[in-house]
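Colleague: Return atomic coordinates for the entry below.
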Amino acid sequence: MSHFLDIHKTDPEALRSIIDNAQSMKTARAGRTRGALDDDQPLAGHMVALIFEKPSTRTRVSFDVGVRQMGGETMLLSGADMQLGHGETIADTARVLSRYVDLIMIRTFDEGVLLDMADYADVPVINGLTDRTHPCQIMADVMTYEEHRGPIKGKKVVWSGDGNNVCSSFLHAAGQFGFDLTFTGPMQLDPEGEFVGNARKSGSKITIERDPAKAVEGADLVVTDTWVSMHDSQSTKERRHNMLRPYQVNEALMARAKPDALFMHCLPAHREDEATSAVMDGPNSVIFDEAENRLHAQKAIMRWCLGV
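Modeller: This is a model prediction of the structure:
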């Protein structure tokens with residue numbers, strides 16, 4: 001049994017096998033109808049619990065579809081259905097769920113909920129997102145980069161904007177996959193120092209550069225994410241917009257990266273805020289390939305967790 005909790009907690013060899021398996025499964029599905037089952041049915045007879053304390057589009061649909069394509073079944077549970085940690089401990093919930101299902105994916109706020117679930121579950125647990133990290137997204141991003149440009153090792157990735165949970169997982173991936181990462185954004189929104197330090201210890205060059213134009217010079221990949229959360233107050237949204245406006249990814253900024261640099265955004269996006277439509281719909285953008293690859297990467301993660 002293997003949990004998939006964070007990229008830096010998973011061996012590089014395992015990460016590479018997951019990416020390679022994801023690409024193989026995607027290739028095998030080429031030309032098939034969307035509703036078709038995979039020829040290989042590794043999850044036949046398996047039940048997967050999908051727990052969502054936070055709203056979701058891509059995570060919910062991609063995991064649900066992925067399980068079904070591989071012959072398994074899903075049980076969708078919301079935070080309201082379960083009241084995680086309210087009245088019953090996470091530990092007891094994990095023990096009970098382990099008697100019913102074969103795999104648990106949880107998308108939650110507090111990282112502690114994820115870690116408690118993994119500590120006490122007798123089945124694999126997958127991190128579908130916490131306020132601190134988003135590893136499944138970055139596995140899809142690495143897959144997307146490599147299917148367009150080849151190995152990501154040694155490349156320069158630039159993160160522009162907020163050093164949030166997605167940025168944190170990019171730092172984890174830098175250390176495990178061997179690429180360099182430059183963060184450009186306001187000091188108040190720097191990524192966690194612990195994650196920066198860990199990536200540097202792994203041998204990756206991690207740079208903090210306040211000037212976005214300088215940061216993207218020589219970039220192979222430019223990445224951003226939404227500036228605001230659906231839970232932010234209006235005053236918080238306005239304050240964050242003011243801080244982050246200089247870090248918008250627009251045509252002028254992309255022009256300073258390598259001519260063949262890719263642009264990514266994990267979506268959902270607020271067009272004309274963190275990135276312009278000209279960039280998002282431009283020739284360097286791979287945002288919809290990136291979204292599709294959530295499906296394939298997560299299928300490979302589930303197979304790795306279950307050893308099937």
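
Colleague: Please count neighbours and contacts with C-alpha atoms only from this point.
Modeller: OK.

Colleague: contacting residues around Val67?
Modeller: Applying CA atoms under 8 Å, 6 or more residues apart in numbering to Val67 gives the contacts 43, 48, 73-74, 299.

Colleague: Filter those residues down to the ones in helices?
Modeller: Lys299 (DSSP state H).

Colleague: out of the contacts of Val67, which is most surrounded?
Modeller: Sorting the contacts of Val67 by how many neighbours each has (other CA atoms under 10 Å) puts Lys299 first, at 26 neighbours.

Colleague: In space, what's closest to that one - neighbours in sequence excluded?
Modeller: Nearest residue to Lys299, sequence neighbours excluded (CA to CA, 6 or more residues apart in numbering): Gly66, at 5.5 Å.

Colleague: That neighbour: how many residues sit nearby?
Modeller: Neighbourhood size, Gly66 [other CA under 10 Å]: 25.

Colleague: Take the contacts of Val67 and keep only those in strands.
Modeller: Secondary structure assignment (DSSP state E) places 48, 73-74 from these within strands.

Colleague: Okay, now the unreliable bits of the stretch 101-250 of the chain?
Modeller: Regions of the stretch 101-250 of the chain meeting the criterion pLDDT under 70 cover residues 230-231.

Colleague: all strands for it, in order.
Modeller: Secondary structure of the stretch 101-250 of the chain (DSSP state E, counting those that start in this stretch): strands at 103-107, 125-129, 156-160, 180-184, 206-208, 221-224.

Colleague: residue boundaries of the helices in the chain?
Modeller: Read by DSSP H, the chain holds these helices, from start to end of the chain: 12-29, 58-69, 79-82, 90-100, 111-120, 135-149, 165-177, 193-201, 212-215, 234-244, 251-254, 277-280, 287-306.

Colleague: Residues in contact with the third one: which ones?
Modeller: Outside of helix 79-82, the residues within contact range by CA under 8 Å, 6+ apart are 51-54.

Colleague: Buried ones in it, by neighbour count?
Modeller: For helix 79-82, a neighbour-count test (16 or more other CA atoms under 10 Å) marks Gly79 as buried.

Colleague: What's the mean pLDDT across it?
Modeller: Mean pLDDT, helix 79-82: 78.

Colleague: With only the CA atoms kept, save it in PDB.
Modeller: Extracted in PDB, the C-alpha atoms of helix 79-82 (Å, rounded to 0.1, in the frame of the first residue of the first chain):
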ATOM      1  CA  GLY A  79     -17.700  17.600   3.700                       C
ATOM      2  CA  ALA A  80     -21.400  18.100   4.700                       C
ATOM      3  CA  ASP A  81     -22.100  14.400   4.200                       C
ATOM      4  CA  MET A  82     -19.200  13.400   6.500                       C
END
